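Participant: next input, structure requested:
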Amino acid sequence: MRKWIWLFAAIGLEVVATLSLRAAMDNPQWFVVVVCGYVGAFVSLSMVLRKGMAIGVAYGIWAACGVALTAVMAHVIFDDSLSWIMGLGIACIISGVWLVEIGAGVAHGKMEQTR
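Facilitator: Numbers count the residues shown, from 1 in each chain. The predicted model follows:
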């Protein structure tokens, strides 16, 4: 359970850092949030790995959620464009990560059976 909390923290911090990077273009004080956010995101991601989540699954979820949330939040906060093609791309990314997670579970199950 804790690995999921760390993963959600990593995702949230990465999204905040990325959105702050955009805000820093107008106000350089936001770079403090950018640096703290990215450092916190990577520390949180390393905690996820320490708790035992496979790196392919953890990184896939982190990246996919980061892309999706950043695109949606940039649309809401900065009025960035968000077309249906972008939405389709986000759906493909999420589907791909889901398949990686299923594949990791299948591979893990096969490894358990051979022991």
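
Participant: Val48 is in contact with Ala10, correct?
Facilitator: Yes - in this structure, Ala10 is within contact of Val48 by C-beta atoms under 8 Å, at 6.4 Å. (Each C-beta comes from the backbone N, C-alpha and C, glycine too.)

Participant: contacts only, for Leu21.
Facilitator: 30, 34 (C-beta atoms under 8 Å, 6 or more residues apart in numbering).

Participant: helix or strand: which one has it?
Facilitator: Per DSSP states H and E: Leu21 is located in helix 2-23.

Participant: how close does Ala10 get to Val39?
Facilitator: For Ala10, the distance to Val39 equals 11 Å [C-beta to C-beta, to the nearest Å].

Participant: who has more neighbours, those two?
Facilitator: The neighbour comparison of Ala10 against Val39 (other C-beta atoms under 10 Å) goes to Ala10, with 25 against 12.

Participant: leaving out the residues flanking it, which one is nearest to the more buried one?
Facilitator: In space, and not counting its chain neighbours, Ala10 is closest to Ser44: 3.6 Å by C-beta to C-beta, 6 or more residues apart in numbering.

Participant: the one you found: neighbouring residues, count only.
Facilitator: Neighbours of Ser44 using other C-beta under 10 Å come to 20.

Participant: mind checking the pLDDT average for the helix or strand containing it?
Facilitator: For Ser44, the host element (DSSP H and E) is helix 31-50. Confidence for helix 31-50, expressed as mean pLDDT, is 98.

Participant: beyond it, next helix or strand please.
Facilitator: By DSSP H and E, the next helix or strand past helix 31-50 is helix 55-78.

Participant: which is the next helix or strand following that following helix?
Facilitator: Past helix 55-78, the next helix or strand by DSSP H and E is helix 84-114.

Participant: alright, that wraps it up for me.
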